[in-house]
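Participant: what follows is a predicted structure for the sequence shown.
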Amino acid sequence: MKDFISNLQKKPYETKIRILWGTGIVAGIILVVVWVFSLKNTIQNAGNEPFLPTTASVSGSTSPQSQTQFVSVERVEKTTSSLKIYFNLNNQTDDILNIPSVDNITLNSSGNTTHPVTILDRQSQPFAQKVLSHTQVFGILAFPATPDTQGTLTFDQMFMERTPDQIFQQQLILDFKKLNQDPKVRN
């Protein structure tokens with residue numbers, strides 16, 4: 001190897017440049033060929049499987065009910081045009097809680113299932129998608145108006161950051177008359 005390097009060092013400058021360019025082009029061609037075969041193999045093996053796993057919104061989901069109570073409702077505001085549910089999420093675990101999308105939050109009343117129009121925090125900003133450990137966040141769910149006085153609020157497709165394959169749900173049975181009271185003034 002030392003002889004090859006010393007022989008290469010003794011060659012004229014133009015010859016060294018030709019050897020450098022030739023070696024670079026050959027290495028580039030080899031890399032492109034390997035990449036094309038790898039891409040071809042990936043496409044052939046993909047089949048009908050999605051490249052990224054997704055959690056689909058399933059009506060009547062069979063996600064197990066969580067043993068830990070994360071969601072609680074503080075009050076309800078009913079008007080002729082909307083129903084606002086003031087809730088909070090309290091994560092007292094050592095893991096990050098992932099919040100479901102609007103499509104996976106439902107209110108079932110008198111057999112009608114509706115999704116919230118919006119989910120906002122108390123400052124009317126988009127609601128967080130994750131609740132950090134030992135943290136409590138407050139939010140507002142806005143639903144279309146309903147004449148019912150009771151309903152079941154379901155947060156489905158929730159999971160903890162360390163165990164994303166263990167999806168669970170939280171269901172709350174709400175009595176709108178009891179929850180439609182003025183909020184308590186805090187100190």
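Facilitator: Done, it's in.

Participant: next structured bit after the one helix or strand residue 120 maps to?
Facilitator: Of the helices and strands defined by DSSP states H and E, residue 120 is found in strand 118-121. Using DSSP H and E, the helix or strand that follows strand 118-121 in sequence is strand 130-131.

Participant: so which elements touch that following strand?
Facilitator: The elements that strand 130-131 packs onto, with contact taken as 3 or more CB pairs under 8 Å, 6 or more residues apart in numbering; DSSP states H and E, are strand 97-98. C-beta here means a position set from N, CA and C on the backbone, and glycine is covered the same way.

Participant: so what's the residue count around the closest residue to residue 117 other than its chain neighbours?
Facilitator: Closest residue in space to residue 117, ignoring its immediate chain neighbours: residue 142 at 4.8 Å, by CB to CB, 6 or more residues apart in numbering. Applying other CB atoms under 10 Å, we find 14 residues neighbouring residue 142.

Participant: tell me which element residue 142 is part of?
Facilitator: Assigned by DSSP H and E, residue 142 falls in strand 135-144.

Participant: tell me which strands that strand pairs with, and in which orientation.
Facilitator: strand 82-91 (antiparallel), strand 118-121 (antiparallel) (DSSP bridges).

Participant: outside of it itself, list whatever touches it.
Facilitator: 82-91, 105, 107, 114-122, 127-128, 131, 153 (CB atoms under 8 Å, 6 or more residues apart in numbering).
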